[in-house]
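In: Dropping a prediction and its sequence here:
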Amino acid sequence: IAGIMFFGAETSQLMEMKELLNSGKTRYIPRQKDHHHIVLTGAGASRLSTMLQHFLLEILDPDSSGGTDVPDVVILAETEYDLALKEFVRVKLPVFVREKVFFLRGSPLSSDD
């Protein structure tokens with residue numbers, strides 16, 4: 001019975017974490033101290049556009065990075081993200097770079113964000 005209770009509590013915590021990640025109310029923490037990242041913010045950061053598509057495809061392309069490590073892309077927006085943008089990242093980007101895109105909600109003018 002203790003194992004079932006532990007599994008239930010852990011599952012609940014995982015669901016809460018997934019909900020936080022999906023809402024963008026988490027913090028970006030680089031995986032490695034010297035790993036590069038780009039923060040993309042502004043009025044158009046929360047919705048899919050042709051320019052944003054091309055930017056993500058270019059910046060996340062290992063061939064265009066000159067053989068260096070592909071940077072993380074942190075998309076910081078004050079409004080909720082467009083479903084089309086999240087779908088683009090989930091479906092159109094190569095599998096190995098999807099984990100390099102982070103959706104965060106907040107303002108670049110707030111030190112808490």
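Out: Perfect, I can see it now.
In: Please name the strands paired to the helix or strand where I75 lies in the sheet, noting orientation.
Out: Using DSSP states H and E, I75 maps to strand 72-77. Strand 72-77 sits in its sheet next to strand 37-41 (parallel), strand 101-105 (parallel), going by DSSP bridges.
In: Outside of the first one itself, list whatever touches it.
Out: Among residues not part of strand 37-41, those counted as contacts by CB atoms under 8 Å, 6 or more residues apart in numbering are 28, 30, 52, 55, 59, 71-77, 108. Every C-beta, even on glycine, is put in place using the N, C-alpha and C of the backbone.
In: Would you mark the buried spots in it?
Out: Buried residues in strand 37-41, counted by 16 or more other CB atoms under 10 Å: L40, T41.
In: For that strand, C-alpha coordinates in PDB please.
Out: In PDB, the C-alpha atoms belonging to strand 37-41 read as follows (Å, rounded to 0.1, in the frame of the first residue of the first chain):
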ATOM      1  CA  HIS A  37      21.200  30.800 -24.900                       C
ATOM      2  CA  ILE A  38      19.200  33.400 -26.800                       C
ATOM      3  CA  VAL A  39      16.200  35.200 -25.200                       C
ATOM      4  CA  LEU A  40      13.500  36.100 -27.700                       C
ATOM      5  CA  THR A  41      11.000  38.600 -26.500                       C
END
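In: Tell me which residues touch R98, please.
Out: Shown in contact with R98 (CB under 8 Å, 6+ apart): V89, R90.
In: any idea how far it lies from D82?
Out: 17 Å (CB to CB, to the nearest Å).
In: returning to that earlier point: ok, then the element right after the strand holding I75?
Out: Toward the C-terminus, strand 72-77 is succeeded by helix 83-87 as the next helix or strand (DSSP H and E).
In: Sweet, I'm off.
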